[in-house]
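S.K.: here is a sequence together with a model predicted from it:
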Amino acid sequence: MANYIADNSRYNNMEYKRCGRSGVLLPKVSLGLWHNFGGVDTYERSRQILRHAFDKGITHLDLANNYGPPYGSAEETFGRVMDDDLRPYRDELFISTKAGYDMWPGPYGDWGSRKYLMASLDQSLKRMHLDYVDLFYSHRYDPNTPLEETLQALVDIVRLGKALYVGISRWPLEATRFAINYLKQHYVPLLIYQGKLNMLDREPQEEGILDLCQQEGVGFISFSPLAQGLLTDRYLNGVPDDSRMAKGKFLRQDMLTDELLAQLRQWNEEAQAQGRTLAENALRWILEQQGVTSVLVGASSTEQLDKNLKCIKV
Ligand SMILES: NC(=O)c1ccc[n+]([C@@H]2O[C@H](COP(=O)([O-])OP(=O)(O)OC[C@H]3O[C@@H](n4cnc5c(N)ncnc54)[C@H](OP(=O)(O)O)[C@@H]3O)[C@@H](O)[C@H]2O)c1
């Protein structure tokens, strides 16, 4: 691929929204590297999607230690793209990574201990060829580690300059309230909560997470906003060979019941009548919910990304 010079018009068509009561603005559409950026994927295609995303004003890229497959390889791909293309733009990018799920064997490669979080972030920085990340997350709540230990590790990570901000993902309500208070008392306010909110899954709203975040000035980013592709036209006429569902690991065919398919077709027809796509409407719906900062989409092509960016109204 030719040398990369970012598109001069990259900030013309994106909207940025303040993340809670912080100084940080995030693009309304952010890009996640869970799928399509691993060692099993074609490097040049992953690179093309990242370049395209930045050209469209997507400044926020979201990773985790175990994205791939294999684990760690999405961060390696990202590190390579940093070296090949994005290094001159480091200060225009807001990069997050996480630790919380199984990453390496033995008792120190999983959950929420200080030992795990500290070691994992050091590994992530090496793979991504970065000195620091903008945002580091506890990827999940650990019922067996004192919350103070996990949260103090996050505070110390910021003090050490390895992350600028901290976030939590998939923590239950009361633990989230505790985290907000603990971090506030230690002068490292919680920047953002990452949770699954989409037209098919409204748990963070029902549980009260969104209200809490809003009251406390914490941002909220919605992961899997398209329900891994269900809330698009991808599966309306069968299961394409190259789709996530065909791979079968994270999106199983038995999830696509007749009832769900009927609902998706109805939403698709409604979108078409408005001159839009189902994906566009699904993303708009999330961005209209009170307290939401950004939608964190995935994409296996630049064409998908472009379709999804239509939800931005500029
Ligand atoms: N915190 C957590 O625990 C957690 C959990 C899950 C995800 N995440 C984050 O959220 C990010 C996004 O998750 P996700 O990939 O599940 O998001 P998603 O946006 O719901 O699904 C993305 C997938 O949907 C399909 N798709 C996207 N746009 C499309 C379009 N316009 N038309 C047709 N199909 C389209 C593609 O699948 P095909 O491959 O079939 O083309 C794409 O890979 C992740 O990368 C990660 O950063 C976090």
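M.R.: That came through fine.
S.K.: do you know the pLDDT at the residue of the chain positioned farthest from its centre?
M.R.: The C-alpha centroid of the chain is most remote from Ala273, which lies 30.3 Å away (Cα atoms, centre = their mean). Model confidence at Ala273, given as pLDDT, is 97.
S.K.: now swap in the one 4 residues further on and tell me
M.R.: Per-residue confidence for Thr277 comes out at a pLDDT of 97.
S.K.: pick out the residue in the stretch 201-314 of the chain sitting closest to the ligand.
M.R.: Gly298 (2.2 Å; Cβ to the nearest ligand atom). Heads up, the C-betas are built off the backbone N, CA and C, glycines and all.
S.K.: pull the contacting residues for that residue.
M.R.: Under the criterion of Cβ atoms under 8 Å, 6 or more residues apart in numbering, the neighbours of Gly298 are Leu31, Gly32, Trp34, His35, Asn36, Ser224, Leu226, Gln228.
S.K.: near the ligand, which residues of the protein show up?
M.R.: Residues of the chain found near the ligand (Cβ under 6 Å from any ligand atom) are 32-36, 62, 139, 169-170, 194, 223-229, 232, 234, 243-244, 279, 296-300, 304, 307-308.
S.K.: restricted to helices, list those.
M.R.: Arg244, Ala279, Gln304, Lys307, Asn308 (DSSP state H).
S.K.: for those, work out which two are farthest apart.
M.R.: Spatially, the most separated pair among those is Arg244 and Lys307, at 16.0 Å (Cβ to Cβ).
S.K.: redo the ones in helices among the residues of the chain next to the ligand as a markdown table? Include neighbour count and distance to Leu200.
M.R.: Below are those laid out as a markdown table (neighbours: other Cβ atoms under 10 Å; distance: Cβ to Cβ, whole Å):
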| residue | neighbour count | distance to Leu200 |
| --- | --- | --- |
| Arg244 | 20 | 15 |
| Ala279 | 23 | 13 |
| Gln304 | 19 | 18 |
| Lys307 | 18 | 19 |
| Asn308 | 24 | 17 |
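S.K.: how about Leu26, nearest residue that isn't a chain neighbour?
M.R.: In this structure, Leu26 finds its nearest non-sequential neighbour in Ser294, 4.6 Å apart by Cβ to Cβ, 6 or more residues apart in numbering.
S.K.: actually, Asp85.
M.R.: Closest to Asp85 by Cβ to Cβ, 6+ apart is Tyr4, at 3.8 Å.
S.K.: so what's that neighbour up against?
M.R.: Arg51, Asp84, Asp85, Leu86.
S.K.: who wins for most neighbours among those?
M.R.: Greatest neighbour count in those, by other Cβ atoms under 10 Å, goes to Leu86: 22 neighbours.
S.K.: and Gly208, how far from Thr150?
M.R.: Using Cβ to Cβ, to the nearest Å, we find Gly208 at a distance of 21 Å from Thr150.
S.K.: who has more neighbours, the two?
M.R.: Using other Cβ under 10 Å, the more surrounded residue of Gly208 and Thr150 is Thr150, with 24 against 14.
S.K.: Asp142 is in contact with that one, correct?
M.R.: Yes: assessed by Cβ atoms under 8 Å, Thr150 is found in contact with Asp142 at 6.4 Å.
S.K.: which residues do these two both contact?
M.R.: In contact with both Thr150 and Asp142: Gly112, Ser113, using Cβ under 8 Å, 6+ apart.
S.K.: so what touches the helix or strand harbouring Glu259?
M.R.: Counting by DSSP states H and E, the element that carries Glu259 is helix 258-273. Contacting residues not belonging to helix 258-273 are listed as Met199, Leu200, Leu230, Leu231, Asp233, Tyr235, Leu236, Thr277, Leu278, Glu280, Asn281, Ala282 [Cβ under 8 Å, 6+ apart].
S.K.: in it, what counts as buried?
M.R.: Leu264, Trp267, Asn268, Ala271 (16 or more other Cβ atoms under 10 Å).
S.K.: how near is the second one to Leu210?
M.R.: The span separating Trp267 from Leu210 equals 22 Å under the rule Cβ to Cβ.
S.K.: what of Cys311?
M.R.: From Cys311 over to Leu210 the distance is 19 Å, taken as Cβ to Cβ.
S.K.: ok, now which ones touch the residue nearest to Trp171 when sequence neighbours are not counted?
M.R.: Spatially, and ignoring its direct neighbours in sequence, Trp171 is nearest to Tyr141 (4.3 Å; Cβ to Cβ, 6+ apart). Applying Cβ under 8 Å, 6+ apart to Tyr141 gives the contacts Gly112, Ile168, Arg170, Trp171, Pro172, Ala175.
S.K.: can you rerun that using 7 Å?
M.R.: Arg170, Trp171, Pro172, Ala175 (Cβ atoms under 7 Å, 6 or more residues apart in numbering).
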